[in-house]
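1. Pasting the sequence and the predicted coordinates here, then a few questions.
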Amino acid sequence: MKFSRSLAAVIIGAAAVLGSVVASPTIAQAINCPFAPVHKYEQHRFSGSSTSADAFQVWFDGGVYVEPIVETLDLVELQVNDTQVAQAGDIIYKDEDGNFWVK
């Protein structure tokens, strides 16, 4: 392979990676890109099922949120904090202070 083709391949590859970084902050953070945007909160969508509510309760109690693989077909509300209740489709986030909110 000629040097010019190798150089072109490297430039195209770099452009693809940088384009991905701009398009996806997750990719930027995964490759430790220095100009990656820093997310100051974690968020997940509440499906409304009691299985999902149980997963959120684990998260609220200090555990790690793990999205259920299989969910029940019931609809429940989820008490997020003292003043907010989440319903199916709501996004719940944890801010940098560890407080939970409905977005």
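-> Structure received.
2. Break down the protein into its strands, ranges please.
-> Ranges of strands in the chain, per DSSP state E, are 42-45, 78-79, 85-86, 91-94, 100-102.
3. Just give the strands next to the first one in its sheet, each with its orientation.
-> It stands for strand 42-45. strand 91-94 (antiparallel) (DSSP bridges).
4. one step back: any idea which of the strands of the chain gets closest to residue 69?
-> Closest of these to residue 69 is strand 42-45, at 14.5 Å (criterion: C-beta to C-beta). Where you see a C-beta, it was placed from the backbone N, CA and C, and this is true even at glycine.
5. what comes up buried for that closest one?
-> residue 44 (16 or more other C-beta atoms under 10 Å).
6. what do you get for stretch 96-103?
-> Buried, per 16+ other C-beta under 10 Å, within stretch 96-103: 100, 101, 102.
7. Pipe these into a markdown table and attach distance to residue 93 and pLDDT per row.
-> A markdown table is the format used below for the buried residues of stretch 96-103 (distance: C-beta to C-beta, whole Å; pLDDT from 0 to 100):
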| residue | distance to residue 93 | pLDDT |
| --- | --- | --- |
| 100 | 7 | 96 |
| 101 | 6 | 95 |
| 102 | 8 | 96 |
